[in-house]
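# model this:
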Amino acid sequence: MKGSVPKNARRLNITLDAVYAVKLARMAERRHVNEGALAQVLVSQALDKADLDPQQMADLLDSLVGARERANTGVEDAQAGQTSSLDDL
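Below you'll find the predicted structure:
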């Protein structure tokens with residue numbers, strides 16, 4: 001069936017900076033395709049090309065705004081016993 005999503009697919013919600021959102025919208029408009037469909041192709045291609053070694057991955061994660069703070073908060077929550085069992089999720 002055309003347009004159906006495979007059962008093993010995973011939906012992601014991605015927030016783009018304004019500059020990238022405009023760029024994606026312009027690219028989709030020029031190609032007469034839906035922005036979401038174009039984003040899916042672009043992300044898939046980027047993931048196919050990505051083969052990061054551990055240091056590159058650490059550098060990439062460190063570049064995410066607020067990532068270190070969120071990780072530290074998670075450690076503090078775990079140390080304080082403020083966690084959820086995977087079975088409860």
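# mind checking which helix or strand L16 is in?
For L16, there is no host helix or strand (DSSP states H and E).
# G81 too?
Under the criterion DSSP H and E, no helix or strand holds G81.
# how close does the nearest residue to L42 once chain neighbours are set aside sit to D51?
Closest residue to L42 apart from its sequence neighbours, by Cβ to Cβ, 6 or more residues apart in numbering: L24 at 7.8 Å. Where C-beta positions appear, they are placed from N, C-alpha and C, glycine not excepted. L24 sits 24 Å away from D51, taking Cβ to Cβ, to the nearest Å as the criterion.
# what's the answer for V75, then?
Using Cβ to Cβ, we find V75 at a distance of 29 Å from D51.
# G74 too?
Separation of G74 from D51 (Cβ to Cβ): 27 Å.
# check which helix or strand covers the residue positioned nearest the centre of the chain.
Among the residues of the chain, I14 comes closest to the average C-alpha position under Cα atoms, centre = their mean, at 5.7 Å. Under DSSP H and E, no helix or strand contains I14.
# once you drop chain neighbours, what's closest to it?
A39 (7.0 Å).
# more crowded one of L24 and D51?
Legend: neighbour count by other Cβ atoms under 10 Å for L24 and D51, higher for L24 (17 against 7).
# hmm, L38 and that one touching each other?
Yes - counting by Cβ atoms under 8 Å, L38 is a contact partner of L24 at 6.5 Å.
# which intervals of the protein have sub-threshold pLDDT?
Where the chain drops to pLDDT under 70, the residues are 1-5.
# which segments of it make up each domain?
Following automatic domain parsing, one finds the domains of the chain at 12-49, 52-80.
# and those domains as TSV, adding distance to P6?
Shown next, in TSV, are these (distance: least, Cβ to Cβ, whole Å):
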stretch	distance to P6
domain 12-49	12
domain 52-80	26
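# just the helices in the chain please.
In the chain, the segments counted as helices under DSSP state H are 18-31, 35-49, 54-62, 67-79.
# state the number of residues packed around D53.
Using other Cβ under 10 Å, D53 has 8 neighbouring residues.
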